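Just a sequence and a predicted model for now, questions to come.
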Amino acid sequence: MSIRPVRALAVLTLASAAVAGGTLPAVLASPSTTGGVHADASPVLPGAGAADGQLTPMAPGALAGPDVLGGMESDLTAAAARRTVADLRTAMRGEAFAHASYQLFSLQAARENLPRTAELFADTSREELGDHFAKQAALVALVGGGEANLRRVLNDQDRMIEDYLVFADEARRDGDNPAAELFAEIARNKEAHRKAVVAALKAVAEGKDVDVPALPAVRHEAVVAGLPQVTSPHTLLRLHAALHDEAHSHAALLLFAEHAKNHGHPKLAAMLNGLAEVEFNDHFARLARMAGLVGTTEDNLRAAVGGERYESKVVYPAFAERARAAGESRAAEVFAEAAADETKHAAAFEKALSNRG
């Protein structure tokens, strides 16, 4: 059986709705329901005209958004607070995924000699990460001290290893052996990452900076327009769940690296940036190619318009309303700002559709 490509964007996991036939979009579910796996988990932006598909690190401080959010209001009920945090974490996964996807779309537009569209995707990618993700991460206090950040990385790696091994078994049963091999290979890479993080955690606990451990060589994978390389809708759904995980992990790692650099741990920062590079340039890229995430620039623009419209009209207004009803005015403000931004993004992508170049 063949399946159509699914261009999943932003917080809407289109694979779950279009492939699995689900009635509840993943964006409106709690993060743990997205793709049927655990939730929670880093960033490098495309160089101008990077025809080779390689990405360059963001400028220092690019993720340092204003700390306008603080902690949760003290009068929130426990249930309301949990709902607001769940919405924030769902939004973070979506913003990280849009950031990573738009990087690939930017490179595809450059291949098609559409420089203005390539720049539009790259600029929007930066905003999704440096503004939306950073503010939402501040609200949930994603970044802590050095040890806390490393423990979060360790937990993320452990969770993804467990999930990917399950995904590999499922893909084999579904007859998608190349996808099974990819899931298993990424799980092995993460085992090596885990050892590096454990060594870093020990050094930080002893008050030392961290010598950069040897990491797997980074594969800079070019992702060109193409169809999914799997036959099972279930495998495709798992690929999109993994793409969201890798994108979120990539974004979080960049925040942790920036924190380490700002607190006098340049070697630790280098290690975390190295892990982030692998997550995007290797893992996300290869999963994206397997999933057929990238289409022609026209396809990508149409997908972007749909994703941005859905966020601006459905997702973020619902999140803002819930936060406002819970008494969390600052979270509601962040959601409302994101909705306004996504409206502008949709309009810009629509304009690019009618005047590509």
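Arrived safely, thanks for sending. Numbers count the residues shown, from 1 in each chain.

quick one: the strands in this structure?
Counting by DSSP state E, one finds strands in the chain at the ranges 44-46, 55-57.

how about the helices of this structure, start to end?
Using DSSP state H, the helices of the chain run over residues 14, 78-111, 115-127, 134-139, 146-173, 177-205, 233-262, 266-277, 285-291, 297-310, 316-325, 329-354.

and the ones you listed, which one is worst for confidence?
Note on those: lowest mean pLDDT is at helix 14, with a mean of 34.

For the strands of the chain, which has the smallest mean pLDDT value?
For the strands of the chain, where the average pLDDT is lowest is strand 44-46, sitting at a mean of 29.

Quickly note the distance from residue 220 to residue 246.
Remark: distance between residue 220 and residue 246 (C-beta to C-beta, to the nearest Å) = 15 Å. For glycine as for every other residue, the C-beta is placed from the backbone atoms N, C-alpha and C.

I'd like the helices of the chain laid out as CSV, including distance to residue 225.
What follows is those, written out as CSV (distance: least, C-beta to C-beta, whole Å):
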stretch, distance to residue 225
helix 14, 17
helix 78-111, 6
helix 115-127, 14
helix 134-139, 30
helix 146-173, 23
helix 177-205, 19
helix 233-262, 16
helix 266-277, 24
helix 285-291, 10
helix 297-310, 7
helix 316-325, 29
helix 329-354, 16
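
Residue 226: which of those helices is closest?
For residue 226, the closest of the helices of the chain is helix 285-291, at 6.9 Å, according to C-beta to C-beta.

re earlier: which of the helices of the chain has the highest mean neighbour count?
helix 233-262 (a mean of 26; mean count of other C-beta atoms under 10 Å).

how far out from the middle of the chain is that one?
Centre-to-centre, helix 233-262 and its host chain are 5 Å apart (C-alpha atoms, centre = their mean, to the nearest Å).

That one - contacts with which helices or strands?
When contacts are defined as 3 or more C-beta pairs under 8 Å, 6 or more residues apart in numbering; DSSP states H and E, helix 233-262 packs onto helix 78-111, helix 134-139, helix 146-173, helix 177-205, helix 266-277, helix 285-291.

Compare those helices and report which one is nearest to residue 311.
Closest to residue 311 of those, according to C-beta to C-beta: helix 78-111, at 7.2 Å.

how much does that closest one deviate in direction from helix 297-310?
160 degrees (axes from the mean of the first three to the mean of the last three C-alpha atoms, to 10 degrees).

How far off centre is stretch 259-268?
Per C-alpha atoms, centre = their mean, the displacement of stretch 259-268 from the mean C-alpha position of its chain is 23 Å.

Could you do stretch 135-155 as well?
Distance, centroid of stretch 135-155 to centroid of chain: 15 Å (C-alpha atoms, centre = their mean).
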